[in-house]
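J.: Give me a model of this one.
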Amino acid sequence: MSKQPIIERENQSGKVTCEGRRIEWHKIDGSIISIDLESVVVIGEYTTDNGPFTDDWFLVFVFKNGEWEEVSVYADGFQGVEQHLSDLFSLDFPKPFLANSTNWKSYVWFPQNLEGKELFVLTPPQRLQTAKNHSSKYESGTGAGGLWQGLGS
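T.: Presented below is the predicted three-dimensional model:
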C-alpha cells in the first residue's frame, strides 16, 4: 500500500523560467512577473503563516530603485532558478533556512555582507496595545479590543 500525502494540492503557483539574466514567473492567473537580474541588488526570501493551501514561501528580488518582486518557491521549475541564481551570484541555496517555517520570517541571501539578516522587519502600529490579561486577549482576538473603551468615553 503506497502512502498518500496528507494534504493534496494542485500546483496553483504557476511556472518559473530563467534565461540569461532574466527570470519570468508565469502565474496561474495568466499574468507574468519579469525580473531583470541586472537590476537586482538584494535577493532574499520570506515565509508567512498562510499555508498549506496557499503559497506561503517566496523568493524576493529587490531592485536598485527600491521596488521588489517575488516568485513562489512552489512554482514549477523553481529548482532550475535556484541553480541559475547559485551560478550567477555564488549563492548556496541548498541551505533550507526557512523550509520548515510556519510563521512570518525573512532572510537575505545576497549580497554576501547582508547574508543571514532579516529581509523584512515587521513593526506593529504605534497605537497597538498589547493584551494585559485574559479578558483583553479575548477582546483583541475577536476584534472587540478598544471597542469597549470607545463606548465608555
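
J.: ranges for the helices of this structure?
T.: 78-89, 134-142, 147-152 (DSSP state H).

J.: weakest of those in terms of mean pLDDT?
T.: Among those, helix 147-152 has the lowest mean pLDDT, at a mean of 44.

J.: okay, now residue 60: neighbour count?
T.: 20 (other C-beta atoms under 10 Å). C-beta coordinates here come from the backbone N, C-alpha and C atoms, glycine included.

J.: Okay, now the unreliable bits of the chain?
T.: Counting by pLDDT under 70, the chain contains low-confidence ranges at 1-11, 49-56, 93-103, 128-153.

J.: So this structure: which segments form each domain?
T.: 15-114, 124-153 (automatic domain parsing).

J.: What is the end-to-end distance of the longest one?
T.: The one in question is domain 15-114. 29 Å (C-alpha to C-alpha, to the nearest Å).

J.: just stretch 29-37 next, same as before
T.: Note: stretch 29-37 ends 24 Å apart using C-alpha to C-alpha.

J.: contact partners of that stretch?
T.: 21, 22, 23, 24, 25, 26, 27, 61, 69, 70, 71, 88 (C-beta atoms under 8 Å, 6 or more residues apart in numbering).

J.: What residues of that stretch count as buried?
T.: 33, 35, 37 (16 or more other C-beta atoms under 10 Å).

J.: need these in TSV with distance to residue 110, can you?
T.: Output for the buried residues of stretch 29-37, formatted as TSV (distance: C-beta to C-beta, whole Å):
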residue	distance to residue 110
33	19
35	13
37	11
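
J.: Thought residue 46 was touching residue 104, still the case?
T.: Yes: applying C-beta atoms under 8 Å, one finds residue 104 in contact with residue 46, separated by 7.3 Å.

J.: Those two: who's more crowded?
T.: With neighbours defined as other C-beta under 10 Å, residue 104 and residue 46 compare such that residue 46 has more, 19 against 13.
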